[in-house]
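**Student:** structural data only, the sequence is not supplied:
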């Protein structure tokens with residue numbers, strides 16, 4: 001644990017234990033989403049599904065990167081992730097992005113994907129609001145993840161016909177905002 005890092009965050013008035021719980025539950029959401037997106041991506045088949053598969057894969061890989069970026073901050077602040085994967089899954093900040101009953105319904109899969117991203121956007125917005133001007137490192141990390149989650153939501157919402165977002169699929173680059181935390 002980085003004792004001074006925790007001490008500095010405590011001095012700002014942030015309840016560090018509450019913040020660590022939020023980071024852990026969001027890390028759980030990222031790792032479980034990576035798992036569930038694997039299942040969703042595999043089921044994106046046919047003419048409709050194949051066009052979405054690459055975007056779902058980018059979001060899947062970036063969610064794994066978000067998990068990897070969150071873990072060091074959790075430990076820096078004196079937290080730790082559960083030693084049991086089932087327990088970790090069950091504390092996820094977001095509900096499971098489970099395959100819909102009709103696994104061939106691409107629109108239903110898209111709705112699962114967009115709702116998972118919307119949950120993430122809400123979660124990281126909350127962490128940003130909690131840490132803004134107080135915990136610069138956590139804020140910077142949460143903001144970087146939030147930027148990528150907003151893009152994920154926009155990609156899926158456009159496929160659902162909810163209107164243009166102005167965001168474009170990234171080519172050859174994953175986690176442009178979070179990559180600095182993965183070095």
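**Tutor:** Noted; the coordinates are in hand. As the structure is a computational prediction, the values presented were derived from the model and not from experiment.
**Student:** next SSE downstream of the lengthiest helix in the chain?
**Tutor:** Using DSSP state H to define each element, the chain has its longest helix at helix 46-76. Proceeding N to C from helix 46-76, the next assigned helix or strand is helix 85-90, under DSSP states H and E.
**Student:** show me what that next one is packed against.
**Tutor:** With contacts defined as 3 or more Cβ pairs under 8 Å, 6 or more residues apart in numbering; DSSP states H and E, the packing partners of helix 85-90 are helix 16-42. C-beta coordinates here come from the backbone N, C-alpha and C atoms, glycine included.
**Student:** pLDDT score for residue 171?
**Tutor:** Turning to residue 171, the model gives it a pLDDT of 73.
**Student:** what helix or strand is it located in?
**Tutor:** Residue-wise, residue 171 maps onto no helix or strand under DSSP H and E.
**Student:** quick revisit: what helices and strands are in contact with the longest helix of the chain?
**Tutor:** On a contact count with 3+ Cβ pairs under 8 Å, 6+ apart, helix 46-76 meets helix 16-42, helix 106-131, helix 136-159.
**Student:** for it, buried residues please.
**Tutor:** 49, 52, 55-56, 58-60, 62-71, 73-74, 76 (16 or more other Cβ atoms under 10 Å).
**Student:** next one: stretch 145-160
**Tutor:** Buried residues in stretch 145-160, defined by neighbour count with 16+ other Cβ under 10 Å: 145-146, 148-159.
**Student:** out of those, flag the one nearest to residue 30.
**Tutor:** Of all these, residue 30 sits closest to residue 145, with 8.1 Å by Cβ to Cβ.
**Student:** look up how far residue 73 lies from that closest one.
**Tutor:** Using Cβ to Cβ, to the nearest Å, we find residue 145 at a distance of 11 Å from residue 73.
**Student:** over to residue 128?
**Tutor:** The gap separating residue 128 from residue 73 is 14 Å, by Cβ to Cβ.
**Student:** sorry, back to before: closest to residue 167 among the buried residues of stretch 145-160?
**Tutor:** When the buried residues of stretch 145-160 are compared against residue 167 (criterion: Cβ to Cβ), the nearest one is residue 154, at 4.2 Å.
**Student:** what sits against that closest one?
**Tutor:** By Cβ atoms under 8 Å, 6 or more residues apart in numbering, the residues touching residue 154 are 165, 166, 167.
**Student:** for those residues, give me TSV that also has distance to residue 26, pLDDT and secondary structure.
**Tutor:** Below are the contacts of residue 154 laid out as TSV (distance: Cβ to Cβ, whole Å; pLDDT from 0 to 100; DSSP: H, G, I helix; E, B strand; the rest coil):
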residue	distance to residue 26	pLDDT	secondary structure
165	23	79	coil
166	26	76	coil
167	22	74	coil
